[in-house]
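Enquirer: Sequence plus the predicted model coming up.
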Amino acid sequence: MKKYTELKDIKDLSQIVEEAIALKQAPFEFKHLGKNKTLVMLFFNASLRTRLSTEKAAKNLGLEVQILNVNDSWKLEFDDGTVMNADTSEHVKEAAQVISQYADVIAVRAFPSLVDKEKDAQEIVLNSFIKYASVPIVNMESATAHPLQALADVITLEELKTKKKPKVVISWAPHPKALPQAVANSFIEVMQMANVDFTITHPQGYELSDAIVKDTPVIYDQEKALKEADFVYVKNWSSYTDYGKVLSQDASWMMTQEKLGNAKFMHCLPVRRNVVVEDAVLVSENSIVIHQANNRTYAAQVVLKNILENIE
Amino acid sequence: MKKYTELKDIKDLSQIVEEAIALKQAPFEFKHLGKNKTLVMLFFNASLRTRLSTEKAAKNLGLEVQILNVNDSWKLEFDDGTVMNADTSEHVKEAAQVISQYADVIAVRAFPSLVDKEKDAQEIVLNSFIKYASVPIVNMESATAHPLQALADVITLEELKTKKKPKVVISWAPHPKALPQAVANSFIEVMQMANVDFTITHPQGYELSDAIVKDTPVIYDQEKALKEADFVYVKNWSSYTDYGKVLSQDASWMMTQEKLGNAKFMHCLPVRRNVVVEDAVLVSENSIVIHQANNRTYAAQVVLKNILENIE
Amino acid sequence: MKKYTELKDIKDLSQIVEEAIALKQAPFEFKHLGKNKTLVMLFFNASLRTRLSTEKAAKNLGLEVQILNVNDSWKLEFDDGTVMNADTSEHVKEAAQVISQYADVIAVRAFPSLVDKEKDAQEIVLNSFIKYASVPIVNMESATAHPLQALADVITLEELKTKKKPKVVISWAPHPKALPQAVANSFIEVMQMANVDFTITHPQGYELSDAIVKDTPVIYDQEKALKEADFVYVKNWSSYTDYGKVLSQDASWMMTQEKLGNAKFMHCLPVRRNVVVEDAVLVSENSIVIHQANNRTYAAQVVLKNILENIE
């Protein structure tokens, strides 16, 4: 693996999932791989799970980890040809080249503006690092994608499925704040790569990009969509068509135990209780969100392992 | 030791003090104990000594350390059954369970509000982590207690005492800001466990909780209380009865060389010079505050060592 | 080396440059030196390169690294005899002594006020740590000096020079913000120690301290100064005489490819593109700024190595 910035960087999904599950059994087996190598983690946005799980994954592989909250230092410039006489102190062209000399791998987290749809789609921060850095880049959630989360999700499905081709549904949920489409996008993409019967359900106006959804069935009737589901991934996103807007906080879309039935409940966390999902679901045996969060470590570790093996 | 959130978690004080003093002589002897294990340190409040000494203690034991300033990520919810549609993004129930999967031990620092006495007494942050985490918890100063500081204090006393049962006094000092009672509470508790002649002195209105003070003598006359003291622990706290209020900044309660006489001067630091204690004391041979701060490392290390030995 | 707070701490410049270049070839050869030792890095100001390169250098030597953004904890007091009843919570006298017990080496970054010239000249933060700490101090850029940068600069010159005694020019550049004189000061000092033909050029009003400049020629005519230069170090600084003022943003002082000719372009970074230097220079083969930034690691590493060898 030369980088992991999008799901397309995975050549063989089932093989990498199997490898991740093996790593979970023996997390320190490849500790020699990271010896005298450094992962620099750059955060343009806040993080809890991604920060802790990726750092842990790296250390499991023997990597040194250096963490920088970019906004603690100064604002980077991303545009070409700018006369930098305003609030940006350093161009990403220099920053990426410089950090590449201190790092063997660079991981980047940079959320969308949710204001400028075209600009967000260009993934300027992530793509600038891909372009100007001379070391492999890992996406720790970008404007439009969260491929480490999606990998953890599919590992979880593989571990917990009880039939060969389970029915998986992603169901939109209400949320008071405008959230990115990144998690939903990547989950949809990874489900299209996996051996599952997959459905999307959300209220009208919450259609995601056609380039993501492709021919996955979209059903506006949540009850109908959830029928006989084995796994239900619940997630809010703000409108993609009326970009970044919160069009609805319709509480009837909140996930409940009744709606869920015997299906397993998935969510990337953090989750707002009794807004996105009722308490009863989270305390029930059907909730696998903690299991899912644990797999963030092994998703990151299998990615870093494959990148390190490609460096050597 | 299954956790270290309160002094009661110590079964045999003199044995643990002895063990800490031994660790100070050979700090790297147990470096194998932490191998492939991780301490996650969560800060809800600022820290200098606790942060550096606990991190050092962990690394002395071979632990990996991951540090998270929780407020850099997002606000946690602690109440049960809340409809989380306001400013909290994640419930501690999820956060604690998730972090438990990345950590072998979790250390937490969370100060009191000093506004709501009942709520502070409930130790909601610390107790939530105790309740929902699946790994041992270490208290790096909570709303009402600072047991790592108290352990460092008693180690210091053991090292520097020149008689079998020294006289120890804790003496309130003025301070411009409202400070927690945590350090005083834990020092009083640990003195009640130790073989010392112990007295509390403070102005009227600064009475601490009866549940803490118990039958320890409280003398309002500072001069009288300090007579023939071997060790004087100086510390400000805000009023407990008129909760969180600064009732007095009476400079006559500041510790001076004259008042101190030949007694050793103790303080947990940070200390405001010429408000809590005059400069002359801190530069004198009677000040043992730097020695005391050094013992923070070995207090943390003996606690982590006992916890790690219990995990294995 | 007992400390590295100023260039004078280097006894033999060419020998240390040679040693740094050797370390670059075998960065992990001295990993035993830092075993069971800790570098505490204290930041009073933001950092990207210094933070990452110094941390990496330390880890290359096997040191544990603990990083503290001092402003995340509380404000330190630096004056003598203060009644600390205002916004400072801890005196540097205590802080430096305490941290010395957790650290084997302390590195400090503390910028000038650019308001009070005399106070900045006193280097109160750095000198307080030198005075009160009991372990070696490394300057990660202080009010008036940046000796780690200067060492990286001279390593770069040594590696890339094509004649025995190259012509080196430091050329002032415009900048919208008031910047310290530290980088210019230390570069001038190190050039005076090196075997180079050295010239300073800047607009009138931007004269640096006589104690720094000494008998180095200062030419106000940039074109004339740059003639036949082999290396041009471009750097803004605010006025030293009219202290901390931005007297000119004269764009004609910006470095261009035309002005530069065949000379190598140096800058400490971060650099504001098309203000300090035009884009064309940075993408040209004559720019050695990325190479220079890489040498920050080996400058820090050779310093830490010499300090560690002196401790043992």
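Expert: Yep, it's here. All figures in this text were calculated on a predicted structure; none of them were measured in a lab.
Enquirer: so residue A:152, which of the three states?
Expert: helix (DSSP: H, G, I helix; E, B strand; the rest coil).
Enquirer: Next: the one 5 residues further on.
Expert: In three-state terms, and counting by three-state DSSP, residue A:157 is helix.
Enquirer: Tell me which helix or strand in chain A has the weakest average pLDDT.
Expert: Sorted by mean pLDDT, DSSP states H and E, the helices and strands of chain A end with helix A:70-73, the least confident at a mean of 84.
Enquirer: Other residues contacting it?
Expert: Contacts to helix A:70-73, defined as Cβ atoms under 8 Å, 6 or more residues apart in numbering or on different chains, come from residues A:42-44, A:76, C:46-48, C:51, C:69. In this view, the C-beta of every residue, glycine as well, is placed from N, C-alpha and C.
Enquirer: Kindly report the same for stretch A:234-247.
Expert: Applying Cβ under 8 Å, 6+ apart, the set of residues contacting stretch A:234-247 is A:112-115, A:117, A:170-181, A:183-184, A:187, A:203, A:205-209, A:255, A:265-268, A:271, A:276-277.
Enquirer: and the closest residue to chain C within chain A, how many neighbours?
Expert: Chain A approaches chain C most closely through residue A:90 (3.3 Å), counting by Cβ to the nearest Cβ. Look at residue A:90: counted by other Cβ atoms under 10 Å in any protein chain shown, it has 22 neighbours.
Enquirer: Also the one 3 residues further on?
Expert: For residue A:93, the count of nearby residues is 20 (other Cβ under 10 Å).
Enquirer: Determine the three-state secondary structure at it.
Expert: Per three-state DSSP, residue A:93 ends up helix.
Enquirer: pLDDT score for it?
Expert: Per-residue confidence at residue A:93 stands at 98 (pLDDT).
Enquirer: Would you mind measuring from it to residue A:78?
Expert: 9 Å (Cβ to Cβ, to the nearest Å).
Enquirer: Give the intersection of the neighbour lists for those two.
Expert: Joint contacts of residue A:93 and residue A:78 (Cβ under 8 Å, 6+ apart) are residue A:128.
Enquirer: What segments of the stretch 151-300 of chain A are helices?
Expert: A:182-193, A:210-213, A:222-226, A:257-260, A:279-283, A:289-311 (DSSP state H, counting those that start in this stretch).
Enquirer: So for residue B:122, which of these sits nearest?
Expert: helix A:279-283 (20.2 Å; Cβ to Cβ).
Enquirer: That closest one close to chain B?
Expert: Yes: residues of helix A:279-283 are located near chain B by Cβ under 8 Å from any Cβ of the partner chain, namely A:279, A:282.
Enquirer: Name the residue most distant from the centre of chain A?
Expert: residue A:85 (35.1 Å; Cα atoms, centre = their mean).
Enquirer: Go ahead and confirm that one touches residue C:272.
Expert: Yes: the pair residue A:85 / residue C:272 is scored as a contact, 6.8 Å apart, by Cβ atoms under 8 Å.
Enquirer: Could you name every residue contacting both of these two?
Expert: residue C:176.
Enquirer: so who does the closest residue to chain B within chain A touch?
Expert: Of chain A, the residue with the smallest distance to chain B, taken as Cβ to the nearest Cβ, is residue A:270 at 3.3 Å. With contact taken as Cβ under 8 Å, 6+ apart, residue A:270 is in contact with A:48, B:74, B:89-90, B:94-95.
Enquirer: Any of those residues buried? List them.
Expert: Using 16 or more other Cβ atoms under 10 Å in any protein chain shown as the burial test, those include A:48, B:89-90, B:94-95 as buried.
Enquirer: coming back round to it: distance of the nearest residue to the residue of chain A closest to chain C once chain neighbours are set aside from residue B:269?
Expert: Spatial nearest neighbour of residue A:90, excluding adjacent residues (Cβ to Cβ, 6 or more residues apart in numbering or on different chains): residue C:270 at 3.3 Å. Separation of residue C:270 from residue B:269 (Cβ to Cβ): 36 Å.
Enquirer: what are the ranges of the strands in chain A?
Expert: Applying DSSP state E to chain A gives strands spanning A:38-43, A:64-69, A:76-77, A:90-91, A:105-109, A:137-139, A:167-172, A:197-201, A:218-219, A:231-235, A:264-266.
Enquirer: now the third one: mean pLDDT?
Expert: Right, the one you point to is strand A:76-77. The model assigns strand A:76-77 a mean pLDDT of 96.
Enquirer: what does the first one give?
Expert: Strand A:38-43 shows a mean pLDDT of 98.
Enquirer: Over to the second one?
Expert: Strand A:64-69 shows an average pLDDT of 96 in the prediction.
Enquirer: Paired strands for it, with orientation please.
Expert: According to DSSP bridges, strand A:64-69 forms sheet pairs with strand A:38-43 (parallel).
Enquirer: Any idea how far the partner strand is from the middle of the chain?
Expert: 17 Å (Cα atoms, centre = their mean, to the nearest Å).
Enquirer: Contacts made by it with the rest, please.
Expert: Contacts of strand A:38-43 (Cβ under 8 Å, 6+ apart): A:51, A:54-55, A:58, A:63-70, A:99, A:102-109, A:129, A:140, A:304, C:52, C:56, C:59.
Enquirer: Is there any residue in stretch A:144-153 that contacts chain B?
Expert: No: applying Cβ under 8 Å from any Cβ, one finds stretch A:144-153 separated from chain B by no less than 11.7 Å.
Enquirer: in that stretch, what counts as buried?
Expert: Applying 16+ other Cβ under 10 Å to stretch A:144-153 flags A:144-153 as buried.
Enquirer: near chain B, which residues of chain A show up?
Expert: Near chain B, when you scan chain A using Cβ under 8 Å from any Cβ, you find A:27-28, A:46-49, A:51-53, A:55-56, A:59-60, A:69, A:176, A:249, A:269-275, A:279, A:282, A:289-290, A:293-294, A:297.
Enquirer: For ChimeraX, what selects the buried ones among the residues you listed?
Expert: Entered in ChimeraX, the line below selects the buried ones among the residues of chain A next to chain B, by 16+ other Cβ under 10 Å:
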select /A:27,46,47,48,49,51,52,53,55,56,59,60,69,269,270,271,272,273,274,275,279,282,289,290,293,294,297
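Enquirer: Tell me where chain A is predicted with low confidence.
Expert: Across chain A, residues meeting the criterion (pLDDT under 70) sit at A:312.
Enquirer: So which residue is dead centre in it?
Expert: Central residue of chain A (Cα atoms, centre = their mean): residue A:146, at 2.3 Å.
Enquirer: Disregarding flanking residues, what is the spatial nearest neighbour of residue A:223?
Expert: Residue A:223 sits nearest to residue A:259 (Cβ to Cβ, 6+ apart), 7.1 Å away.
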